[in-house]
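Engineer: After the sequence you'll find the predicted model.
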Amino acid sequence: MSIHRKGTPPKIIPASLLSAYVLVTAGCTSLHAYMYVLASDYDGNAALQKEAAVKDVLGDIISSPDRYSLRAYTRAAISYRVRKTENTTHSFYVISREGKTWQTLSFSATGKWATSKGCWAIDTATDRSSYEEYLRGANRWHVEELKTDRGIDTAPTLRNIVEKIESDTTYYFRARVNRDDRVDNCNTALLETMVEKP
């Protein structure tokens, strides 16, 4: 399956990710989850201020990609208390360094509105805690790995993310109807940046 926009080279998504494609049409949250965000104390300004540092970290990894590996996951969006459905699913990457240490990476909103400035963030509280639970076997967040046939190619995937950072992308809570280079949610951002190994 190929997901691409006019004027850009196609990004090839393997058939094994076909089930994940439903995320593109579902968006990151339902009305229930959106109301949960409004009631929370979430503030994306801190993540936005750190995005330049995220870009620097990704640049360092791109310069020595053989030391790192990437995997992609989905989990319940916003809270483990909000049941994971196709409308309440969040996607994120895990970057592992030589199998010893790891960090999460995802595209997030910076505000509580239907649209806001988006940013790429490393180790958000919910990404990190949900993945830690998953590793321990508790998995209240319903974390699942998005399997690829050959694995994710680290350097080109991270280059795609750097391009997204530089494009000043808007975050849209629900999946967009009209595809636009500068509008994403966590799910579309992951699927559009992911490159499978040749």
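Structural biologist: Sure, I can see it. Just so you know, these numbers come straight off a predicted model, no measurement behind them. Residues are numbered from 1 along each chain as shown.
Engineer: what about stretch 184-198, start to end distance?
Structural biologist: Taking C-alpha to C-alpha, to the nearest Å, stretch 184-198 runs 26 Å from one end to the other.
Engineer: Count the neighbours of residue 131 for me.
Structural biologist: When counting by other C-beta atoms under 10 Å, one arrives at 22 neighbours for residue 131. The C-beta positions use only the backbone N, C-alpha and C, and glycine is treated the same way.
Engineer: buried residues in the host helix or strand of it?
Structural biologist: Following DSSP states H and E, one finds residue 131 within helix 125-136. When burial is assessed from 16 or more other C-beta atoms under 10 Å, helix 125-136 yields the following buried residues: 126, 127, 128, 130, 131, 133, 134.
Engineer: Could you measure from the last one over to residue 100?
Structural biologist: To tie it back to what came earlier, the one meant is residue 134. Residue 134 sits 18 Å away from residue 100 when distances are taken as C-beta to C-beta, to the nearest Å.
Engineer: next structured bit after the host helix or strand of residue 54?
Structural biologist: Using DSSP H and E, residue 54 maps to helix 51-63. Using DSSP H and E, the next helix or strand after helix 51-63 towards the C-terminus is strand 68-76.
Engineer: And that following strand, what does it pack against?
Structural biologist: Taking 3 or more C-beta pairs under 8 Å, 6 or more residues apart in numbering; DSSP states H and E as contact, the helices and strands that strand 68-76 lies on are strand 89-97, helix 125-136, strand 144-146, helix 154-166.
Engineer: And for residue 50, the neighbour number?
Structural biologist: Residue 50 has 16 neighbouring residues, counting by other C-beta under 10 Å.
Engineer: Hmm, it is touching residue 121, no?
Structural biologist: Yes: contact criterion C-beta atoms under 8 Å: residue 50 and residue 121 qualify, at 6.9 Å.
Engineer: pLDDT below threshold where in the chain?
Structural biologist: 1-49, 78-80, 82, 85-87, 111-116, 170-182 (pLDDT under 70).
Engineer: Thought residue 129 was touching residue 139, still the case?
Structural biologist: No: with contact defined as C-beta under 8 Å, residue 139 does not reach residue 129; the gap is 11.6 Å.
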